[in-house]
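> make a model of this:
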Amino acid sequence: MTEDTRPVAPVALVTGGDSGIGRATAVKLAEHGMDVGVTWHEDDSGARATAREVHAHGRRAAVARLDLTRLPEAADVVDDLADELGRVDVLVNCAGTGTATPFLDLDLTTVRRVIDVDLVGPLLCSQRAARRMIAQGDGGRIVNVTSVHEHQPRVGAAPYCAAKGGLGLLTQVMALELAEHGITVNAVAPGEIATPMTGQEDVEVERADRPGIPLGRPGDAREVAAVIAFLAGPESSYTTGASWAVDGGMLRMGPQAGSHLTSGDWRRP
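Residues are numbered from 1 along each chain as shown. Sure, this is the predicted structure:
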């Protein structure tokens with residue numbers, strides 16, 4: 001019997017990989033030669049469609065359900081997928097949720113749900129992945145998908161902004177603490193991206209008009225995935241603790257947009 005001497009492929013785990021940025025990221029990482037574990041919350045068929053795309057690139061895929069409102073046990077999925085695929089080299093925390101609720105109308109259940117899914121869940125999943133990476137002994141990559149609202153507020157999105165802002169600063173702390181183990185940690189902060197979360201699935205972004213965005217359109221999920229793939233790969237080995245905005249210039253418009261608004265419509269979600 002001949003021993004299999006083929007090199008072991010790196011393994012990436014992508015939460016929220018059933019659609020949008022998560023799916024685009026899983027497929028892009030497969031294109032880069034990684035086996036991919038994909039999690040889903042409500043769309044099992046979407047996750048399996050992502051897995052088929054991963055397989056189409058000649059890579060292995062594993063699928064598992066992840067409900068980040070059920071903490072801390074939800075983080076077990078990181079170990080489950082790592083066991084199934086043999087290791088974990090990259091974790092992309094992409095699963096997320098939000099709300100469009102005025103601050104004074106928020107209830108504690110909604111606040112806790114958003115904070116758990118967008119901040120506490122990624123923290124616990126990252127702990128699991130980092131411990132695995134340290135035990136493996138050859139470093140790793142963690143990429144936290146935040147939002148432009150890691151950096152700038154949005155009316156009606158208090159818990160979302162709090163969670164994404166917190167995840168951005170958590171990214172920096174993780175980067176400092178995990179650097180000695182060869183693990184880099186970065187954030188990617190998307191602006192308006194044409195995904196199911198923004199109600200724009202399958203939109204042709206080049207035909208959408210966004211006067212308030214310097215590039216004049218929303219982004220495509222694959223444009224975000226390309227940045228994530230760079231941060232997940234070997235060429236980003238000296239990049240850690242940074243937040244990469246993928247927003248068509250949206251963040252640069254803050255003061256300019258504020259000085260040019262002609263009504264108070266921005267006060268309502």
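
> average pLDDT for the strand or helix carrying residue 225?
Using DSSP states H and E, residue 225 maps to helix 221-232. Helix 221-232 shows a mean pLDDT of 97.

> which residues does the next helix or strand after that helix contact?
Note on helix 221-232: by DSSP H and E, the next helix or strand toward the C-terminus is strand 243-246. By C-beta atoms under 8 Å, 6 or more residues apart in numbering, the residues outside strand 243-246 that reach it are 146, 148, 150-151, 168, 171, 186-191, 193, 219, 223-224, 227, 231, 251. In short, each C-beta sits where N, CA and C put it, glycine included.

> can we see that at 6 Å?
Defining contact as C-beta atoms under 6 Å, 6 or more residues apart in numbering, one finds that strand 243-246 is touched by 168, 187, 188, 189, 190, 224, 227, 251.

> got JSON lines for those, with neighbour count too?
What follows is those, written out as JSON lines (neighbours: other C-beta atoms under 10 Å):
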{"residue": "168", "neighbour count": "19"}
{"residue": "187", "neighbour count": "28"}
{"residue": "188", "neighbour count": "26"}
{"residue": "189", "neighbour count": "25"}
{"residue": "190", "neighbour count": "30"}
{"residue": "224", "neighbour count": "27"}
{"residue": "227", "neighbour count": "20"}
{"residue": "251", "neighbour count": "16"}
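
> any idea which of those is closest to residue 110?
residue 168 (21.3 Å; C-beta to C-beta).

> what sits against the closest one?
146, 150, 187, 243.

> residue 240 now?
By C-beta under 6 Å, 6+ apart, the neighbours of residue 240 are 175, 184, 185.

> 7 Å - rerun?
With contact set as C-beta atoms under 7 Å, 6 or more residues apart in numbering, residue 240 has these partners: 175, 179, 184, 185, 186.

> on that earlier part again, elements contacting the helix holding residue 225?
helix 20-31, strand 90-93, strand 140-145, strand 183-190, strand 243-246 (3 or more C-beta pairs under 7 Å, 6 or more residues apart in numbering; DSSP states H and E).

> how far away is the spatially most central residue of the chain from residue 102?
Nearest to the geometric centre of the chain sits residue 94, at 2.5 Å (C-alpha atoms, centre = their mean). Counting by C-beta to C-beta, to the nearest Å, the gap from residue 94 to residue 102 is 27 Å.

> number of residues surrounding the residue nearest to residue 88 when sequence neighbours are not counted?
Leaving aside its chain neighbours, residue 88 sits nearest to residue 82 (4.2 Å; criterion: C-beta to C-beta, 6 or more residues apart in numbering). Around residue 82 there are 22 other residues, counting by other C-beta atoms under 10 Å.

> list of residues touching the helix or strand encompassing residue 82?
Following DSSP H and E, one finds residue 82 within helix 76-85. Contacting residues not belonging to helix 76-85 are listed as 11, 13, 35, 37, 39, 60, 62, 64, 66, 88, 125, 128-129, 132 [C-beta under 7 Å, 6+ apart].
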